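*Asks:* Predicted model and sequence follow; I will ask about them next.
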Amino acid sequence: MAGKRRTATADPSRTAGPEAHRAAKPESRLAMVRRARRINRELAEVYPYAHPELDFRNPFELLVATVLSAQTTDLRVNQTTPALFAKYPTPEDLAAAVPEEVEELIRPTGFFRAKTKSIMGLSAALRDDFGGEVPGRLEDLVKLPGVGRKTAFVVLGNAFGVPGITVDTHFMRLARRWKWTESDDPVKIEAEVATIFPKSEWTMLSHRVIFHGRRICHARKPACGACPITHLCPSYGEGETDPEKAAKLLKYEKGGFPGQRLNPPPDYPGRPAPPLGASG
């Protein structure tokens with residue numbers, strides 16, 4: 001694995017198990033902030049290649065891909081968008097498309113009728129209200145059909161370099177497991193986490209946390225025994241703690257499997273994902 005590796009047995013306090021954490025005195029705000037920032041630093045060592053896992057070449061492609069990623073994997077979106085963008089490379093093209101033809105192209109992403117309405121609607125708004133260009137302001141992006149704060153921050157952070165915290169299901173889960181928040185409301189989580197980290201860290205923090213959630217700290221069965229930051233996790237023990245069993249739960253490059261992008265960045269250590277219909 002890349003980066004610094006620590007096992008579940010590296011910290012002697014782990015020998016008491018998760019019960020010891022429940023019995024310990026409450027963590028102060030200052031201690032939580034220090035622990036959270038240390039998690040971010042150590043995740044930066046584990047995932048120095050963290051990046052957006054949607055393939056895109058410009059802000060428009062990232063915006064559409066992010067809308068399509070709802071209720072599906074980035075992998076499935078990446079396998080679907082090449083044909084979509086080959087036929088409709090600009091907002092003007094997509095706004096003027098035949099809806100049934102768009103539906104057929106994006107069918108693999110699920111909820112294709114609603115998504116077609118959203119991406120054609122946002123394309124029309126870009127054409128009519130923004131000169132065919134994706135705006136670089138949060139207040140403009142969230143006015144587009146199908147675009148909420150999460151989608152807007154993905155676009156702002158990765159296409160415009162504007163810092164933002166992307167609170168998807170992975171980020172929400174890990175923020176709660178790490179006791180950064182007790183909320184289950186994405187807007188409140190975004191606001192609370194924003195007070196913990198400097199603004200300059202927000203975009204990369206989002207990538208690192210989401211990477212960790214997808215690869216190791218899974219929803220149903222976290223790979224605790226293969227996690228490099230167990231010494232910082234107050235929820236250690238919720239998942240598989242045996243190192244050998246936990247290693248079998250690792251996903252993407254951590255488990256030796258292809259990543260989600262067909263065209264990953266040059267520094268990505270894993271294998272590219274296969275095209276739609278191919279095995280890999």
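*Replies:* Received, thanks.
*Asks:* The spatially most central residue of the chain sits in which helix or strand?
*Replies:* By C-alpha atoms, centre = their mean, the chain has its centre lying nearest to Ile210, at 4.0 Å. Using DSSP states H and E, Ile210 falls within helix 202-215.
*Asks:* For the helix or strand following that helix, buried residues please.
*Replies:* Note on helix 202-215: by DSSP H and E, the next helix or strand toward the C-terminus is helix 243-247. Buried residues in helix 243-247, defined by neighbour count with 16 or more other C-beta atoms under 10 Å: 246-247. C-betas here are computed from N, CA, C, even on glycine.
*Asks:* just checking, what packs against helix 243-247?
*Replies:* The contact analysis (3 or more C-beta pairs under 8 Å, 6 or more residues apart in numbering; DSSP states H and E) places helix 243-247 against no helix or strand.
*Asks:* can you list contacts of it?
*Replies:* Helix 243-247 has contacts (C-beta atoms under 8 Å, 6 or more residues apart in numbering) with 7-8, 223-227, 239-240, 255.
*Asks:* Looking at these, which is nearest Phe153?
*Replies:* Cys227 (26.1 Å; C-beta to C-beta).
*Asks:* Below-threshold pLDDT in the stretch 151-280 of the chain: ranges please.
*Replies:* Regions of the stretch 151-280 of the chain meeting the criterion pLDDT under 70 cover residues 279-280.
*Asks:* and with 80 instead?
*Replies:* By pLDDT under 80, the low-scoring segments of the stretch 151-280 of the chain are 278-280.
*Asks:* Which residues are in contact with Cys227?
*Replies:* 8, 216-217, 233, 236, 246.
*Asks:* if I look at the nearest residue to the residue nearest to the centre of the chain once chain neighbours are set aside, how far off is Val64?
*Replies:* Sequence neighbours aside, His170 is the residue nearest to Ile210 in space, at 4.7 Å (criterion: C-beta to C-beta, 6 or more residues apart in numbering). For His170, the distance to Val64 equals 21 Å [C-beta to C-beta, to the nearest Å].
*Asks:* Alright, that wraps it up for me.
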